[in-house]
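J.: can't give you the sequence, but here's the structure:
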């Protein structure tokens, strides 16, 4: 049985517990004084002589979301059984403040992307962004200049988790912008901020002029919802990670957003991206990306989308975003036919092409040329600036 | 106050009298403990749950035990169909108290969750007193408790016997509503501007469930005891099945559980939960099947209990189903 040992300088239970809590905090679990207090109270309620009990109790108090729940045991063992020597080195103190972020399962995405995008895994030994870390821990100026670079750099160079986080943020902003379309008129509604005087007056006639029932009015929501189709074929592999982060952002902003991957097949990934369970999500995404590097069948996949999903997912208030470079192994007529059929549902179609940002790019790829007449917006997507520049365009659609 | 390890003993805690008395103070005046009877230990919680037909994991039982003793809300997360809601029902059954359930949805507001003034009644009261002489105190009167319609949350803190308050799928409600909840969950009181603060008569045991539709705020998370409820492993699921449907023969039960476990490892849009397993088991025994591999056609047809989307049904044709049966055996 593992035995916990206490340094002689430790000043009793409270001190050790405070130490444990700060150990958790250093490793990115944001707990504080309140948790220390609760943990001490809990020790009184259980039998602290049983290590297993103590572990479960502290776990239920300190780990307060699915991600941390999964990581807790390791941190617990590190502190209580290895005299704090075994720090979880994957999570450096530098990253701690980020945990406050709404996206607690960000690491999920990173891992998924690393597995699927063919990037190397971030281990302390083979840290690919080791150099940049040193750069960023410097003064504010340096950070500002890296930020600038991020926005201008071609997305192919995006491999660091901060960049992915930024892509996700941009996506969330865009998704919000699109979603929050309000009508200017007010309509009768069950709940609402203002009273519907006309209806109140009309109904009060029945009760002798007494406004017995209050009716409300509200500006109706006109939710626009997004459907994103991401090409992960060979030619797009370099962009796949950052676009997956982008999709994650789109998904995060709204319940109704839907996302798909396609290469030679079409896979729905909305649920996988929303999955709260880190490991499961990682497995699912990397399995789905198995077709990476194969040919692309844009036309066939769009057809498939039309048949299987469009009826439920696409209507006059949808915006369909296709992220692809337009290199297709299907005949170009197929894309045109599929797009025109999709268009008949009344949706807006946006094509984001990472190649378009390149100098002298002409949409001469046959597939792309065939698709052009059916698009509401054809835009570049090879830098983050390009992506954020989409906002006003999308708002107008 | 000393703490240390002596030889091969696990953690030994020796509380000073000061800390002890502090801890006692904290738990004194604990009306719930008195009412709920002396709660022995977390293993009792586990076995009590099991007697009522709920097989809980150690982590869940511990979280529940702490939430009872420390009077904190319990936040349960996990996929759909792993028994998050069921635990609240079982608790109510176990404790013989009321279960007050608040099902959250997008647009849930305080008037349908906390309280609302009975406008019609107030209006009638004003009309009725127009000609009488009590007009001075009319305002005080119509904003009294008599004219208040309590909704689940207000109702929950006004019960004599502490009820179980189940706030289901909190992540579906808007962020504003989460903010309303904070006051109730930390202080067990509700402020009504016209009336003042309503304090809890008894502190309900609050169970919140969420399945990740939206990330919850840290403020809410930190007020709660947390447990992540996962799909049960093979042994646990078998125990659940035996508990809930004891008349299924042992071999078939094992086959059923094995099949569902294998099915969860397949690439599906919606993985079957425990409720689905139970449904399916009932269907299988209702159809008079004694061995899953006997009748592929019926097996395939009965999968409607487990696979709830068209894509999932297409993903598990008869051959794959039979392969899974083979694995399960």
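T.: Cool, the structure landed. From a predicted model like this one, the values you see are computed outputs, not experimental measurements. Numbers count the residues shown, from 1 in each chain, chains lettered A, B, ... in the order given.

J.: wait, residue B:300 sits on residue B:319?
T.: No: between residue B:300 and residue B:319 there is no contact under C-beta atoms under 8 Å: 9.9 Å. In short, each C-beta sits where N, CA and C put it, glycine included.

J.: which helix or strand contains residue B:275?
T.: helix B:274-286 (DSSP states H and E).

J.: re earlier: so for residue B:300 and residue B:319, which residue has more residues nearby?
T.: Using other C-beta atoms under 10 Å in any protein chain shown, the more surrounded residue of residue B:300 and residue B:319 is residue B:300, with 17 against 10.

J.: show me the beta-bridge partners of residue B:196.
T.: residue B:192 (DSSP bridges).

J.: tally of neighbours for the closest residue to residue B:129 other than its chain neighbours?
T.: Distance criterion C-beta to C-beta, 6 or more residues apart in numbering or on different chains; nearest residue to residue B:129, sequence neighbours excluded, is residue B:138 at 5.6 Å. Residues near residue B:138, counting by other C-beta under 10 Å, number 16.

J.: the closest residue to residue B:91 other than its chain neighbours and chain A, how far apart?
T.: Closest residue to residue B:91 apart from its sequence neighbours, by C-beta to C-beta, 6+ apart: residue B:164 at 5.1 Å. Remark: distance between residue B:164 and chain A (C-beta to the nearest C-beta, to the nearest Å) = 18 Å.

J.: residues in contact with residue B:164?
T.: B:88, B:91, B:92, B:95, B:97, B:98, B:99, B:100, B:204, B:205, B:207 (C-beta atoms under 8 Å, 6 or more residues apart in numbering or on different chains).

J.: got the contact list for the residue nearest to residue B:129?
T.: Residue B:138 makes contact with B:125, B:126, B:129 under the criterion C-beta under 8 Å, 6+ apart.

J.: over to residue A:189?
T.: So residue A:189 contacts A:216, A:217, A:218, A:220 (C-beta under 8 Å, 6+ apart).

J.: the third one against residue A:195, yeah?
T.: No: checked against C-beta under 8 Å, the pair residue A:218 and residue A:195 is beyond contact range at 10.8 Å.

J.: compare the two (neighbour count), which wins?
T.: Higher neighbour count among residue A:218 and residue A:195: residue A:218, with 16 against 13, using other C-beta under 10 Å.

J.: for the more buried one, list each beta-bridge partner.
T.: When assigned by DSSP bridges, residue A:218 has beta-bridge partners residue A:187.

J.: now do the buried residues in stretch A:228-244.
T.: Using 16 or more other C-beta atoms under 10 Å in any protein chain shown as the test for burial, stretch A:228-244 gives A:228-233, A:235-244.

J.: kindly check the end-to-end length of it for me.
T.: 10 Å (C-alpha to C-alpha, to the nearest Å).

J.: try stretch B:69-81
T.: 27 Å.

J.: please apply the same query to stretch B:263-270.
T.: Terminal residues of stretch B:263-270 lie 11 Å apart, using C-alpha to C-alpha.

J.: can you check stretch A:49-69 too?
T.: One end of stretch A:49-69 sits 23 Å from the other (C-alpha to C-alpha).

J.: among the contacts of residue B:164, which ones are in helices?
T.: Secondary structure assignment by DSSP state H places B:88, B:91, B:92, B:95 of those in helices.

J.: redo those as CSV? Include neighbour count.
T.: Formatted as CSV, the ones in helices among the contacts of residue B:164 follow (neighbours: other C-beta atoms under 10 Å in any protein chain shown):
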residue, neighbour count
B:88, 24
B:91, 23
B:92, 21
B:95, 20
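
J.: looking at those, which is nearest residue B:275?
T.: Using C-beta to C-beta, residue B:88 comes nearest to residue B:275 of the ones in helices among the contacts of residue B:164, at 14.7 Å.

J.: I figured the closest one hits residue B:98, correct?
T.: No: assessed by C-beta under 8 Å, residue B:88 is found out of contact with residue B:98, at 11.3 Å.

J.: confirm residue A:379 sits in a strand?
T.: Yes: using DSSP: H, G, I helix; E, B strand; the rest coil, the assignment for residue A:379 is a strand.

J.: what bridges to it?
T.: Counting by DSSP bridges, residue A:379 is bridged to residue A:352.

J.: so residue B:177, which state does it fall into?
T.: helix.

J.: count the residues that sit near it.
T.: Counted with other C-beta under 10 Å, residues neighbouring residue B:177 total 20.

J.: hmm, residue B:113 and it touching each other?
T.: Yes: judged on C-beta under 8 Å, residue B:177 makes contact with residue B:113 at a distance of 6.9 Å.

J.: can you count the residues close to residue B:235?
T.: Residue B:235 - counted by other C-beta under 10 Å - has 10 other residues nearby.

J.: need the per-residue pLDDT for residue 136.
T.: The chain I'm using is chain A. Looking at residue A:136, its pLDDT reads 37.

J.: correction: the question concerned chain B.
T.: 73.

J.: pLDDT of stretch A:194-208, averaged?
T.: On average, the pLDDT along stretch A:194-208 is 89.

J.: what sits up against that stretch?
T.: A:186, A:188, A:210, A:211, A:212, A:213, A:214, A:215, A:216, A:217, A:218.

J.: those, buried ones only, as a PyMOL selection?
T.: Entered in PyMOL, the line below selects the buried ones among those, by 16+ other C-beta under 10 Å:
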select buried, chain A and resi 211+215+216+217+218
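
J.: lowest average confidence, helix or strand, in chain B?
T.: One helix or strand of chain B scores below all others by mean pLDDT, DSSP states H and E: strand B:12-14, with a mean of 39.

J.: quick one: the strands in the stretch 101-250 of chain A, in order.
T.: A:187-189, A:194-195, A:216-218, A:225-231 (DSSP state E, counting those that start in this stretch).

J.: want to throw those into TSV with distance to residue A:339?
T.: Formatted as TSV, those follow (distance: least, C-beta to C-beta, whole Å):
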stretch	distance to residue A:339
strand A:187-189	34
strand A:194-195	43
strand A:216-218	36
strand A:225-231	11
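
J.: chain A: which of the contacts of residue B:138 is nearest?
T.: residue B:126 (9.8 Å; C-beta to the nearest C-beta).

J.: after the one helix or strand the closest one maps to comes which helix or strand?
T.: If you go by DSSP H and E, residue B:126 is part of helix B:119-128. Sequence-wise, the next helix or strand downstream of helix B:119-128 (DSSP H and E) is helix B:138-142.

J.: let me know the closest of the contacts of residue B:164 to residue A:13.
T.: Closest approach to residue A:13 among the contacts of residue B:164 (C-beta to C-beta): residue B:205, at 27.5 Å.

J.: what bridges to the closest residue in space to that closest one that isn't next to it in sequence?
T.: Once flanking residues are discounted, residue B:205 sits nearest to residue B:164: 5.3 Å by C-beta to C-beta, 6+ apart. As for beta bridges, residue B:164 partners with residue B:99, residue B:205 under DSSP bridges.

J.: give me the pLDDT for residue B:164.
T.: Note for residue B:164: predicted pLDDT of 94.

J.: roughly how far apart are it and residue B:89?
T.: According to C-beta to C-beta, to the nearest Å, residue B:164 and residue B:89 sit 8 Å apart.

J.: what's the neighbour count on the residue in the stretch 151-300 of chain B that chain A sits nearest to?
T.: The stretch 151-300 of chain B approaches chain A most closely through residue B:212 (3.5 Å), counting by C-beta to the nearest C-beta. Using other C-beta under 10 Å, residue B:212 has 18 neighbouring residues.
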